[in-house]
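Colleague: Provided below are the primary sequence and the corresponding predicted coordinates.
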Amino acid sequence: MKCNPGIFVFYFNLFGISATTEFPGDNGGWSSHADSSLTDEGPCTIDIWDTSLTYKQFIQGYAYNKPVIIRGLSDNTEFQLMCSKDHLLREFGERLVRLSTANTYSYQKVDVPFHEFVEYLLKPQSFSALGSETLYFFGDNNFTEWHSLFEKYHSPSYILPHTRGAYSFGIAGPGTGVPFHWHGPGYSEVIHGRKRWFLYPPNHEPKFHPNRTTLSWVTETYPTLTATQRPLECTIRPGEVLYFPDHWWHATLNLDTSVFISTFLG
């Protein structure tokens, strides 16, 4: 049924806001900061399907043409349970994770134990922080060490011809996100929390500063855009998978403390 309503990645802000009040929720133990969780989910201008979307329809209508969101494509209940805060800290707390700067062109690398990232560095995004001051772990996955987790994930079954999938797993605080960039096609699934997506086709390069965060772009630039200048966008939640085609510009904004996984096709 089609509807038309209205990314391993570990982010932390070196100069993030420290909230003193937290509220519990059914979010795998990844509590959100009451004064920092974002409420504006924005409109949804991306097609949404349930599992009635056939593979033929996917290939003909979306694979090479435009993004689509599919609900219930895979059952990742077990993987979601394994992605709870307590379980990941127990199983992987001493493992090193590699973090990179969250500007469009990532250069700096920092290695920290996973438990230090979770306990001390997983904070909401500060509006004044630059991308070079915000670190994330992306594309440096140690598949051997994290194999016991990845093997429980059921990736989307609709794979493009002549491609294979590679995983990138992520945990991010409210207000964090990756600024506009592009690469090959792929999927993104939210396991806990909410993630807002913004996408432009390859021939429509958005105006943005490569060292400014998505949060600053949403606050400063997004409100000035006309209807024809605005991107395709939607906020996805657990159980929803967003597909983006090759070379599409995209940026993300985590509205809560979020756990998510991407499958890049290449």
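Modeller: Yep, that arrived.
Colleague: contact partners of stretch 72-88?
Modeller: With contact meaning CB atoms under 8 Å, 6 or more residues apart in numbering, stretch 72-88 is reached by 28-30, 50-51, 114, 118, 149, 152-158, 171, 189, 191-192, 238-239, 241, 259. To be clear about C-beta, it is placed using only N, CA and C from the backbone, and glycine gets the same treatment.
Colleague: 7 Å instead, please
Modeller: 28-30, 50-51, 118, 149, 152-157, 191-192, 238-239, 241, 259 (CB atoms under 7 Å, 6 or more residues apart in numbering).
Colleague: now for residue 95, how many residues are close by?
Modeller: 13 (other CB atoms under 10 Å).
Colleague: against residue 61, how distant is it?
Modeller: 41 Å (CB to CB, to the nearest Å).
Colleague: surely residue 254 meets residue 174?
Modeller: Yes - with contact defined as CB atoms under 7 Å, residue 254 and residue 174 form a contacting pair (6.2 Å).
Colleague: show me where the stretch 1-150 of the chain has its strands.
Modeller: Under the criterion DSSP state E, counting those that start in this stretch, the stretch 1-150 of the chain carries strands at the ranges 9-10, 12-13, 22-23, 32-33, 48-49, 68-71, 96-101, 109-113, 134-136.
Colleague: still on that earlier bit, of the contacts of stretch 72-88, keep whichever come out buried.
Modeller: Burial by neighbour count, 16 or more other CB atoms under 10 Å: within these this picks out 28-30, 118, 149, 153, 155-156, 191-192, 238-239, 241, 259.
Colleague: comparing the strands of the stretch 1-150 of the chain, which gets the lowest mean pLDDT score?
Modeller: If those are sorted by mean pLDDT, strand 22-23 sits at the bottom with a mean of 34.
Colleague: re earlier: which of residue 254 and residue 174 has more neighbours?
Modeller: A count of neighbours by other CB under 10 Å puts residue 254 above the other of residue 254 and residue 174, at 30 against 26.
Colleague: can you give me phi and psi for the more buried one?
Modeller: Dihedral angles of residue 254 (phi, psi; degrees, to the nearest 10) stand at phi -80, psi 120.
Colleague: and it, what does it touch?
Modeller: 172-177, 193, 195.
Colleague: the same query, at a cut-off of 8 Å, please.
Modeller: Residue 254 neighbours (CB under 8 Å, 6+ apart): 11, 172-177, 193-196.
Colleague: what of residue 192?
Modeller: 27-28, 30, 80, 83, 238, 256-259.
Colleague: next: residue 70.
Modeller: Applying CB under 8 Å, 6+ apart, the residues contacting residue 70 are 48-51, 53, 156, 158, 240-241, 243.
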